[in-house]
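In: got a predicted structure here, sequence first:
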Amino acid sequence: MSDKVCVGAIAGAFGVRGDVRLKSFTSNPEDIGSYAPLETEDGTRSFTVKITRQIKNGLAARLSGVSTKEDADALRGTQLFVPRDRLPTLPDDEFYHADLMGLEVVDTGGAPLGKVMAVINNGADDLLELRAPGQKQTVLLPFTKAVVPTVDLAQGRIVADPPEGLFS
C-alpha cells in the first residue's frame, strides 16, 4: 500500500480569478478540503484548499499559490494526494480504491482471474476492471459482497465468485 492516497484532481480553471475546477474522489466531495494541505504526487507542491461552491461535475475551489486563470490552467490534470495517516480508518468491509489497484484476483478454487487495473463507479456499484490472463479485453467484475466475498490486503489478493460466463 502506498503511503499517499489520491483524493482529487484539478480539472482546469474556473473563472478568471485563479479558482480551479476540482474533482473530489472522497465519499463526501466537500471533505477534500479538510484533508489539506494536498500535494502533488511527487510532493514538490502543496496546496491549502478553500471550497467556494459546488459546480457541475465537481467543485470550484481556491488553492494557495494559484492566483490567475493561467496558473489554474497550468495545473489541469494534476492529481492531489494526502498522506494515508491523515485519512479516516475504514470499517472492515470498505477499502480505499488505491489499495485495490494491482491486487491479484483468484476464484474460490484459487485459479487466477487477473489483476485489478482500475476501480470504476457506475453509480450503483463499483466495478473492478481486471486484466485477465489470455484475454485481450479487460473484464468488469462487480465489486459486491456476493461476487467478491474476500479482500485480503495483507496477502495482496481478492477472492471472487464471478457470475457464470463472465470470463468465457
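Out: Great, that's in hand.
In: and A98, which of the three is it?
Out: Per DSSP: H, G, I helix; E, B strand; the rest coil, the local secondary structure of A98 is helix.
In: what's the closest non-adjacent residue to it?
Out: Counting by C-beta to C-beta, 6 or more residues apart in numbering, V5 is the residue found nearest to A98 once chain neighbours are left out, at 5.0 Å. Any C-beta I mention is one placed from the backbone N, CA and C, and that applies to glycine too.
In: contacts for the strand or helix carrying the one you found, please.
Out: Counting by DSSP states H and E, the secondary-structure element that holds V5 is strand 4-13. Strand 4-13 has contacts (C-beta atoms under 8 Å, 6 or more residues apart in numbering) with 19-26, 32, 35, 38-39, 41, 57-58, 63, 69-70, 72-73, 75-84, 87, 96, 98.
In: mind listing what's buried along it?
Out: For strand 4-13, the buried set under the neighbour-count rule, 16 or more other C-beta atoms under 10 Å, comprises K4, V5, C6, V7, G8, A9, I10, A11, A13.
In: so what strands line up beside it?
Out: Sheet neighbours of strand 4-13, with direction, are listed as strand 20-24 (antiparallel), strand 79-83 (antiparallel) (DSSP bridges).
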